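Asker: Would you be able to build a 3D model of this:
(2 chains)
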Amino acid sequence: MKKVSTRIWILMFLFLIITVVFMYVLTNFLYKRLYVEDTENMMIEVGTKLQTIYTGGRVTDDFIETIENYNDYSNLNIFAVRNPRELSACVPFDIDYATLIGFEERQQLLAGKYIQKIGYEPRFDRQLISVVLPLVDQNRLEGIIYIYYPLAKISELANQEVIFLIGSAFLFLIVIGFGIYKGIRHIMRPLSDLQLAVEQMSQGNYGVRVPVHSKDEVGRLSSTFNTMATSIQQEDEAQKTFLATVSHELRTPISYVKGYSEAIHNGMIEDAQQEETIQLIVREANRMERLTNELLQLARMENEQTDIELYPMPLAETLRDVQAIMSQQANKKNITLMLEVDDTLIVEANELKLKQIFINIIENAINYSYEQATVEVVAQSINHHAEIMIKDDGIGIASEDLAHVTERFYRVNKARSRADGGSGLGLSIVEQLVKQLQGTLEIKSEVNKGTVVKIRMPLMEE
Amino acid sequence: MIVKKWILLLFLLILITILASCKNQAFEPIQLEQTFIASLNIQDTSLNFIDSQGTILKTWSFDKAYTGATLLGPDQLLLFGHQLDQIDVYTLSTGQKLYSKKVKLGTTNVYYADKTKQFFIANSMTNTVTSFDEHGKELVTQQVGNYPMSMEAFQDHLYVINFKDTTLSVLAMKDLSVEQEWTIPKSAHGIAIIEETNELWIGGHGEGSKPNRTIKRYQLETGALVGEIDTPLMPVGLTKTKDAVLVVSHGHNELYVVDWDGHVKWHLEVGANPFVVNQLQAYIVVAGYDDHTLYFIKNGQIEKTVDVGKGAFQLLVREGTS
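Answerer: Coordinates of the predicted model:
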């Protein structure tokens, strides 16, 4: 499997080669157009002027001599030919002779047109640019003026350059290729860092982070990765803490039950105290049962988040039921449970869930209130919502704890946790339930002054 | 259905093509009583039949690369090509093909001997001369020198110039046995036999880059060189008439009229690259290969010109029978 950087490098290198080849072709083309064409035009011009010396009839010795004289002073090679054989005059006959001009060329010359040729000429055994001009009199090809310039001279001139050109093109390719390679590596480094980090993370190392050097796409990807890694790490830690807490919470009652029952079994507890000890065991067993029930409930709620059936129901009735359920508990502490509810309120909710919400909150209010205090429950309509306020004058919650009270197993007073009998899951459950019923939960509290819990539920739409 | 239609259409097209090509085999007939000079044009492979007034009577256009033609008697025309593996014989008075015959590639010339009603094929690839009877039946083949081409018969002898060789083969017409071999220059072309002076004249291009300027005169029985006639440049077309030998030199586009003694009676610059000359009644006719023109000359003057097909290379003359 090739790396992306290698692919990009190969692609860039290919483009480079294409560019170099293209430049070479272009140079050749320009050379041909500019140099060769220019030479050809010059030859045609000279030839056309020399043609005017010929006045018709046979090509005379004088004419040949004149052309030869001109040749002596010209840097072009010029000569005149009048041998019919050289002019392919015998062409219908199969003659073993390499003529200067071919049959097709003869036809063109007979028509009075000149010929331009470029390439190898066997007669001269070298590469030539040549121009052949006809000397025509009454359809008779009496002779030709042949002008040539060795092409080799041009390419010889270019030959030394060609090696230099190819050499420098090669060097250029290597240098640029190396530059591109380095550049791509530089650009791609954060990406390979990222890839390494992801690999480590997939092996369970959530602490890995990548350095962010830039603000480009790769930089943003790196920083997003870091955020994601942090979240995953936090979640992972929360999971671990939760497990530790659950096992700790379960271990305490188990060790009680185990300790006391062993004590009874070994006869270390006197008969008079046995009744009390068994009650203790039952209480701890109940605690465990409640804890596991509540954990189960929480786990269930997370799964059934969406498929809760909501229906209209009278709020006042539910609240009165809850008041009846809770009154016994309130009476134990001589707490007055005051209910003030608007009987017309019909909310969209689920009765069982709604009851549990109220029970949990009122239970908390009773638990954390002083004896002979009052717990007020007020339900009223505000902005098309039913607002249920549960207010106590209890011990209250410190502001640093307030934000965490809905977290699982979070206890405001860690030392008191055993005595007050709470599992630390009550408000977590309330928060989940309110969310399921599409309501909102708001808790305000002040230490030693009391706590106000406000629940807003959607009213039935009319 | 569509496929069937296509096949039908294709079939029809092929049929039409075949029919059309069949039709091409027949040309416009030339009546027996018609006197003509025919110009074989090898660049566009056509044959122009021209009367003594200089009017083109008929034009036969071929789709085969014929390089030469020979009249077999008054009413048959044989066509051959150097790169063709068959010869075709047409009847002039009907315009129909009489027969074709498979031959080896490399036919350079076909000569018809009126006296024996035989024709002879010279082949440059096998370097042979083969005789045929008047019905096209192959008779004898004889190996000769390199590249036999020009041929002329006199009495019982067939004189064959080997173009790329330095020999002239004298064969017995009956069985083609080699009777003599004369030494001649290379690239020789064109024969005239002057029985009046017992001489055989040959022209030629000349070897290599040096063009030939003369006609060589040989003693007819011995092949001894008896003289040269200066006829520059490259005399290759020789035709004997009843009072002179007509010579065209294609290098200088010159027509020479030479008497039996080898004196040039008169000459005339005519045509562009002419290879052949012939006589039609009172006219000397020269064919310009490059200018595709026939020149009708009378009394040393060009009287008229006739445009013919491209590459006029051969002139055939027939006197009409009345």
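
Asker: who's in contact with the residue of the stretch 1-150 of chain B found nearest chain A?
Answerer: Nearest residue of the stretch 1-150 of chain B to chain A, counting by C-beta to the nearest C-beta: residue B:42, 6.3 Å away. Heads up, the C-betas are built off the backbone N, CA and C, glycines and all. Residues in contact with residue B:42 (C-beta atoms under 8 Å, 6 or more residues apart in numbering or on different chains) are A:92, B:66, B:67, B:311, B:313, B:314.

Asker: Out of those residues, which is nearest to residue A:33?
Answerer: Nearest to residue A:33 out of those is residue B:311 (C-beta to C-beta; 37.6 Å).

Asker: Please point out which parts of stretch B:207-226 sit buried.
Answerer: Judged by neighbour count using 16 or more other C-beta atoms under 10 Å in any protein chain shown, the buried positions of stretch B:207-226 are B:207, B:211, B:212, B:213, B:214, B:215, B:216, B:217, B:218, B:220, B:223, B:226.

Asker: Does it reach chain A?
Answerer: Yes. Judged by C-beta under 8 Å from any C-beta of the partner chain, stretch B:207-226 and chain A are in contact via B:208, B:209, B:211.

Asker: distance between that stretch and the chain's centre?
Answerer: Distance of stretch B:207-226 from the chain centroid (C-alpha atoms, centre = their mean, to the nearest Å) equals 21 Å.

Asker: pLDDT score for the residue of the stretch 1-150 of chain B closest to chain A?
Answerer: At residue B:42, the predicted lDDT confidence score is 94.

Asker: Likewise for residue A:421?
Answerer: pLDDT, residue A:421: 58.

Asker: Check residue A:126 too.
Answerer: Confidence score, pLDDT, at residue A:126: 83.

Asker: Check which helix or strand the residue nearest to residue A:402 when sequence neighbours are not counted maps to.
Answerer: In space, residue A:402 comes closest to residue A:445 once its chain neighbours are excluded; the distance is 5.9 Å by C-beta to C-beta, 6 or more residues apart in numbering or on different chains. Following DSSP states H and E, one finds residue A:445 within strand A:440-446.

Asker: Show me what that strand is packed up against.
Answerer: helix A:399-402, helix A:426-436, strand A:450-458 (3 or more C-beta pairs under 8 Å, 6 or more residues apart in numbering or on different chains; DSSP states H and E).

Asker: Now do the buried residues in it.
Answerer: A:441, A:443, A:445.

Asker: got the contact list for the residue nearest to residue A:402?
Answerer: A:396, A:397, A:399, A:402, A:451, A:452.

Asker: Any idea how many residues pack against the second one?
Answerer: Residue A:397 sits with 21 neighbouring residues when counted by other C-beta atoms under 10 Å in any protein chain shown.

Asker: mean confidence score for whatever helix or strand residue A:194 lives in?
Answerer: In the assignment (DSSP H and E), residue A:194 maps to helix A:151-202. For helix A:151-202, mean pLDDT is 82.

Asker: which strands and helices sit next to it?
Answerer: helix A:4-30, strand A:126-137, helix A:217-265.

Asker: Packing partners of the longest one?
Answerer: Same thing as helix A:217-265. So helix A:217-265, by 3+ C-beta pairs under 8 Å, 6+ apart, packs with helix A:151-202, helix A:271-304.

Asker: and the angle from it to helix A:271-304?
Answerer: On the basis of axes from the mean of the first three to the mean of the last three C-alpha atoms, to 10 degrees, helix A:217-265 is oriented at 160 degrees to helix A:271-304.

Asker: now helix A:217-265: how far from the chain's centre is it?
Answerer: Taking mean C-alpha positions (C-alpha atoms, centre = their mean), helix A:217-265 and its chain are 32 Å apart.
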